[in-house]
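Visitor: I'll drop the sequence and a predicted model, then ask my questions.
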Amino acid sequence: MSDYAVTIGLEVHAQLLTNTKMFCGCKASYGAAHNSLTCPVCMGLPGALPMPNRRAIEMAVKVGLATGSTITRATKFDRKNYFYPDLPKGYQISQFDKPICAGGSMEIRGLFGVKRVGITRIHLEEDAGKSQHGDDDGTLIDLNRCGVPLIEIVSEPDMSSPEEAYAYLMEIRRLVRWLEVCDGNLEEGSLRCDANISVAPEGERGVPVEIKNLNSFHGVEKAIRYEIERQSEVVRNGGKISRMTLLWDSDKGETRVMRTKEAAHDYRYFPEPDLVELSISDQMMAEAHEASPEYPWVRRERYVGIGVKPDDADVLTAEKEFGEYFEEVFAGCNNEAPRAVRWVIGEALRWRKELGGGERFVVSAYATAEVAGLEASGKISGLAAKTVYEEMARTGRSDPAMIVKEKGLEQVSDTGALEAVITKIIEDNPKEVERYRGGDMKLKGFFVGQVMKAMGGKADPKATGEILGRLLG
Amino acid sequence: MSERAQIDNFTELGLVERREALAVGKFDLVKEVRRLSAKIEAKSVLNAFLETTDELAVECTSKLAHSEEAFPLRGVVLAVKDNIALKDHQLTCASKILDGYKSLFTSTALQRLSDAGVVIIGKTNLDEFAMGSSTEHSAFGPSLNPFDNSRVPGGSSGGSAAAVAAGLATASLGSETGGSVRQPAAFCGLVGIKPTYGRISRYGLVAFGSSLDQIGVMARTTYECAKVFETMAGHDPLDNTSSPVPVPDCAGNLDRPLKGLRVGLPREYREGTIQPEVANSVERAAKVLKEMGATITECSLPHTKYAIPVYYILAPAEASSNLARYDGVRYGLRRGTPPPTPPASGGEVAPPLPPIEDIIRASRQAGFGAEVKRRIMLGTYVLSSGYYDAYYLKAQKVRRLIRQDFLNVFDDFDLLLTPTTPTTAFKFGEKTADPIAMYLSDIFTAPANLAGVPAISVPFGFDDKGLPIGIQLMAADFREDLLFQVAHQLEGVAQ
């Protein structure tokens, strides 16, 4: 890759899952008829004024608390001024020098190990509208998105490889989804990412170059890798990196210049006079604490503490609902972690991926726990349990006991019945009995197999072993 | 009684008498509104109105006529500055840039007044986007002062002042950023109040300097001014800067005695060039108040001299941002696009659209007048990177000092008495060549906007040319009741 010091910082915009927009009562949702979710406030009509959305502020506080940021109790909004047709007021209401959260961090993991990435700030702002550029019929503007609340999460330039940047972005995505403040969809633009990258010889300070338009997770990784190569090449040839903003073209797999330093905007930030300074009350702080779930990294440690292997704990905390599912199965498995993990990761998550499009569990946690219980109690064999599970996954049924009955999958642990079968097998296989009694203990497996075959796999393995031992003894 | 006299009587009567006359059927409101519309037409030379809302007014009055409700403001016929939104009506701000625009909503202030029975008769002229002190910066020509048509009515709410002074309405709404209600009220012989910042919702008032803007009222009498004010005032969930402080009964307490009232005469408002008759009016008013039992003492607001420079940094800074939305893209005037071509036939290709920057530039170039452009440039400059600290931030700090001056002085005084303006109404063209001279006509009014405190201008005498003189009273936050009380009692002895 590169022989130079690479410094990467990310700016992530997350659209908040509020019902209404940041400063008006319009619905904040995706996919409605163009310009149907608008009012004088978000259209910026003369005389209209903004009113802040309390839910959005709470969400920003929640993210701040989760990242260990300091919540700015006396915060304020500012105007960021620039002309663009999809910005109807000619300015965006944002936060400049008093962001609602500052000074947090996030731990990331990957092949590179474990690393803590600083979060400089998290601020609240409103989204702009959407411009749809036609080829020759001009540009169409949809203001439905205009005024939708966003938080911008700005990292410290603490990352040094595309893999780390990817891991950080995934970690942010997991967190905002975990906190239910954003759906984390990069393709639909509810999560957006800009990267600042600089490459310089060890010990020297680089010049950060910004890349915008990173609209997929792998795009982020690819674009950063591309830019590191480009800058390394420039540095290697003795050139100078100049400050600029690039656009990532995912089709061509390359960056192109959006604007150079000379054309940089002067946004003329100043305090938004239409909004009074915002104080985050003790009550709001308390409510945000109250509403904050167990964080993923806390849950992960807890799982390891109850006997889940670290790698499995990672899987089980990839999404909040996995853990809730796991815990229900865990309880149904008499708190035996390995068994619960096997059922959740080996079956529930596998079928979720296979038949649920990775979006939903196809078998409820309750039913999974029930099957696990049937297996644990010896009512059905492990093989039968898998059969039952597949039946539930494919048909949507959630009555494993009934499936067991219908398919006749109950294990036979009735010693009388087993003894009769085993006695017959001993009679039918005199040579093997002789060899076994002669010391060829490996033949035990042969007898077990014969019993299972005779009983259609329903023999209780424990009882079978005991009886075989006694009768062959 | 001749018809002519009757019309004049209607607007010249006090609100209480007018309501009584309406109640006993001496006046028919629908007829009076029709007569006023005709009178506006007849006095079109004053150029007070940019739009008359006859149909709405007639509709409204007949609704009033058929209603059993009391309607506390029945009998108020209101002229409204054309930067205050009224649904389905124009909202030009006296600018070409808002050509053809109609508001989709009604301002909170007008809604409250309509609900109380006010009849809206029209939208009045102003300096473009309320930037000016004479209406000479209106894109639709200046309004004339009814006292002397060669003189300005003041500004920016000059049309609203002229309308009431000429008897074309009984009260009017203006808006203040640095004196735009009090100064024209003074020039046209009216009572005009600039309420405490946050007292009246700004929802529906087109923003100029958002941290300074307030809707104000002008009327012939303090009583009517107070009634209109208290109806509009009070918290509005649509304006984050509107105050939850309760609104006291203002109009009902106008006659409370003034004994023990501590009146301050700020030294800084007696310096500089003040027309002697104006200074004399202030002295006379002080004497009257003393006779009523008030104590009169000189006091000081030491940062007053910075008010105009600070104002002309902060107001343009906010304006440069507030006026950014007028870009020709979504509504109003658009320039820079080729005229629409007839449907293409025989392979004709429509000309390519110019870059959006060209449309924005051309629209703003054609849509804004010189004074508005001057202030946008000023404001853009003071907010620019590298200049922000030296201008905008410094001005914010000085603004706090100016407010602190007022807070300090209101520890020892209930009321401040000053001139409203250094001179009476000036002539057209007198100050248009020199923006600074024009800006200085706000020298006594801008401090109250910067400090956020309420202030009122009351007519108190005339100069030797017969032009009205206004004196100004200022009080602590939310003490409009005190301003009205003192204004009312001065008004009783002024004539």
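Guide: In hand now; what should we look at?

Visitor: what's around the closest residue to chain B within the stretch 301-450 of chain A, how many residues?
Guide: Closest residue of the stretch 301-450 of chain A to chain B, CB to the nearest CB: residue A:320 (34.4 Å). For the C-beta atoms, the positions are set from N, CA and C on the backbone; glycine is no exception. By other CB atoms under 10 Å in any protein chain shown, 18 other residues sit near residue A:320.

Visitor: For residue 207, pull up the helix or strand it's in.
Guide: You didn't say which chain, so I picked chain A. Per DSSP states H and E: residue A:207 is located in neither a helix nor a strand.

Visitor: leaving aside the residues next to it on the chain, what's closest to it?
Guide: Excluding the flanking residues, the one nearest residue A:207 by CB to CB, 6 or more residues apart in numbering or on different chains is residue A:241, at 4.4 Å.

Visitor: Do you have the strands of chain B handy? List them.
Guide: Applying DSSP state E to chain B gives strands spanning B:49-52, B:77-81, B:119-124, B:171-176, B:191-194, B:214-219, B:262-266, B:295-299, B:415-419, B:455-462, B:468-475.

Visitor: Highest mean neighbour count out of the ones you listed?
Guide: Highest mean neighbour count of the strands of chain B: strand B:191-194, a mean of 34 (counted as mean count of other CB atoms under 10 Å in any protein chain shown).

Visitor: Leaving out the residues flanking it, which one is nearest to the residue of the stretch 301-450 of chain A closest to chain B?
Guide: Counting by CB to CB, 6+ apart, residue A:320 lies nearest to residue A:178, which is 4.8 Å off, once chain neighbours are set aside.

Visitor: The one you found and residue A:319 touch, don't they?
Guide: Yes. If you go by CB atoms under 8 Å, residue A:178 and residue A:319 touch, sitting 7.5 Å apart.

Visitor: Compute the number of surrounding residues for the residue nearest to residue A:320.
Guide: Per other CB under 10 Å, the neighbour tally for residue A:178 reads 22.

Visitor: roughly how far apart are it and chain B?
Guide: Going from residue A:178 to chain B by CB to the nearest CB, to the nearest Å gives 31 Å.

Visitor: For the stretch 101-250 of chain B, what lies in contact range of chain A?
Guide: Residues of the stretch 101-250 of chain B lying near chain A by CB under 8 Å from any CB of the partner chain: B:101, B:103-105, B:107, B:202-207, B:209-211, B:237-241.

Visitor: Using ChimeraX, define a selection of the buried residues within those.
Guide: Selection of buried members from these for ChimeraX, criterion 16 or more other CB atoms under 10 Å in any protein chain shown:
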select /B:101,103,104,105,107,202,203,204,205,206,207,209,210,211,238,239,240,241
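
Visitor: Tell me which residue lies nearest the centroid of chain A.
Guide: The residue lying closest to the centre of chain A (CA atoms, centre = their mean) is residue A:174, at 3.5 Å.

Visitor: In which helix or strand does it reside?
Guide: Using DSSP H and E, residue A:174 falls within helix A:162-178.

Visitor: gap between that helix and the chain center?
Guide: Here helix A:162-178 shows a centroid-to-chain-centroid distance of 8 Å under the convention CA atoms, centre = their mean, to the nearest Å.

Visitor: what does stretch A:253-270 give?
Guide: The chain centre lies 31 Å from the centre of stretch A:253-270; the measure is CA atoms, centre = their mean.

Visitor: That stretch and chain B, any residue contact?
Guide: Yes. Applying CB under 8 Å from any CB, one finds stretch A:253-270 touching chain B at A:266, A:268-270.

Visitor: Drop anything exposed from those residues.
Guide: Buried among the residues of stretch A:253-270 next to chain B by 16+ other CB under 10 Å: A:268-270.

Visitor: Looking at the residues you listed, which one is closest to residue B:328?
Guide: Ranked by distance to residue B:328 (CB to CB), these are led by residue A:268 at 20.7 Å.

Visitor: ok, now which ones touch the nearest residue to that closest one once chain neighbours are set aside?
Guide: Of all residues not flanking residue A:268 in the chain, residue B:383 sits nearest, at 3.9 Å (CB to CB, 6+ apart). Neighbour list for residue B:383: A:81, A:268-270, B:317, B:320-321, B:391-392 [criterion: CB atoms under 8 Å, 6 or more residues apart in numbering or on different chains].

Visitor: mind checking the longest helix of chain B?
Guide: In chain B, ranked by residue count with DSSP state H as the criterion, the top helix is helix B:394-412.

Visitor: same for it, what does it pack against?
Guide: Under the contact criterion of 3 or more CB pairs under 8 Å, 6 or more residues apart in numbering or on different chains; DSSP states H and E, helix B:394-412 touches strand B:262-266, helix B:307-322, helix B:446-451.

Visitor: which parts of chain A sit against chain B?
Guide: Checking chain A against chain B by CB under 8 Å from any CB, the hits are A:40, A:43-52, A:79, A:81, A:83, A:85, A:88-91, A:136, A:138-139, A:141, A:266, A:268-270, A:273-276.

Visitor: what separates the residue in the stretch 1-150 of chain A that chain B sits nearest to from residue B:128, distance-wise?
Guide: At 2.5 Å from chain B, residue A:90 is the closest residue in the stretch 1-150 of chain A, using CB to the nearest CB. For residue A:90, the distance to residue B:128 equals 18 Å [CB to CB, to the nearest Å].

Visitor: what do you get for residue A:184?
Guide: In this structure, residue A:184 and residue B:128 are 48 Å apart, going by CB to CB.

Visitor: okay, the two: which has more neighbours?
Guide: residue B:128 (29 against 21).

Visitor: The longest helix of chain B vs strand B:295-299, what angle?
Guide: Using axes from the mean of the first three to the mean of the last three CA atoms, to 10 degrees, the inter-axis angle of helix B:394-412 relative to strand B:295-299 is 150 degrees.

Visitor: In CSV, list the C-alpha atoms belonging to helix B:394-412.
Guide: Only the C-alpha atoms of helix B:394-412 are listed here, as CSV (Å, rounded to 0.1, in the frame of the first residue of the first chain):
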residue,chain,number,x,y,z
LYS,B,394,-17.1,43.3,18.2
ALA,B,395,-20.5,44.8,17.4
GLN,B,396,-22.2,42.0,19.3
LYS,B,397,-20.1,42.8,22.3
VAL,B,398,-20.8,46.5,22.1
ARG,B,399,-24.5,45.6,21.7
ARG,B,400,-24.3,43.9,25.1
LEU,B,401,-22.8,47.0,26.6
ILE,B,402,-25.6,49.1,25.2
ARG,B,403,-28.2,46.8,26.7
GLN,B,404,-26.3,46.8,30.0
ASP,B,405,-26.5,50.7,29.9
PHE,B,406,-30.3,50.3,29.9
LEU,B,407,-30.4,47.6,32.5
ASN,B,408,-28.3,49.9,34.8
VAL,B,409,-30.4,53.0,34.2
PHE,B,410,-33.6,51.1,34.8
ASP,B,411,-32.4,50.2,38.3
ASP,B,412,-32.9,53.9,39.2
